[in-house]
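In: Structure for the following, please:
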Amino acid sequence: MTDRSGVRLCPCGSGGTYAECCERYVSGAAAAPTAEALMRSRYSAFVLCDEAHLLRTWHPRTRPPRVEPGPRTRWTGLEVLGTTGGSAFHTTGTVTFRASYRGGSLHERSRFERVGGAWAYVDGDFLD
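Out: Predicted coordinates for the structure are as follows:
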């Protein structure tokens, strides 16, 4: 998605450009400072089918051998519904979100932990 001037907006729905928002995390140039920022970057990676970022940011204890983001899935939006912990002062956190795709949505409460100082996705519970 682009804005009126043709600048690529971030898939995570922050309203900022991809370059200003999730690109540095997805590319690996920087670590996400919060669990929410990591979750947003992971959503962007699903939209962009970036398996490397998804695997790199998955907790080693629960990481699968492969992730196939599903290029046929058309993600249409992300809504962050709530967070607990997950700041620079925490070692764990949760992010509750709804990710919409053409034909439905995914409602999840995801758990995150710090691994070597960086946030990592552990797992999540599907809601309604």
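In: tell me which residues of the helix or strand containing Glu108 are tucked away?
Out: Secondary structure from DSSP states H and E places Glu108 in strand 104-115. With burial defined by 16 or more other CB atoms under 10 Å, the residues of strand 104-115 counted as buried are 106-114. The C-beta positions use only the backbone N, C-alpha and C, and glycine is treated the same way.
In: quick one: which of these is nearest to Pro11?
Out: If you rank the buried residues of strand 104-115 by distance to Pro11 using CB to CB, Leu106 comes first, at 14.6 Å.
In: and the closest one, what does it touch?
Out: 98-100, 126 (CB atoms under 8 Å, 6 or more residues apart in numbering).
In: So which of those residues wins on neighbours?
Out: With neighbours taken as other CB atoms under 10 Å, the top of the contacts of Leu106 is Ala99, carrying 23 neighbours.
In: Would you give the sheet partners of the strand holding Glu108, along with the direction of each?
Out: Here strand 104-115 is paired, per DSSP bridges, with strand 92-101 (antiparallel), strand 118-126 (antiparallel).
In: can you pull the buried residues of the shortest one?
Out: Using 16+ other CB under 10 Å as the test for burial, strand 118-126 gives 119-122, 124.
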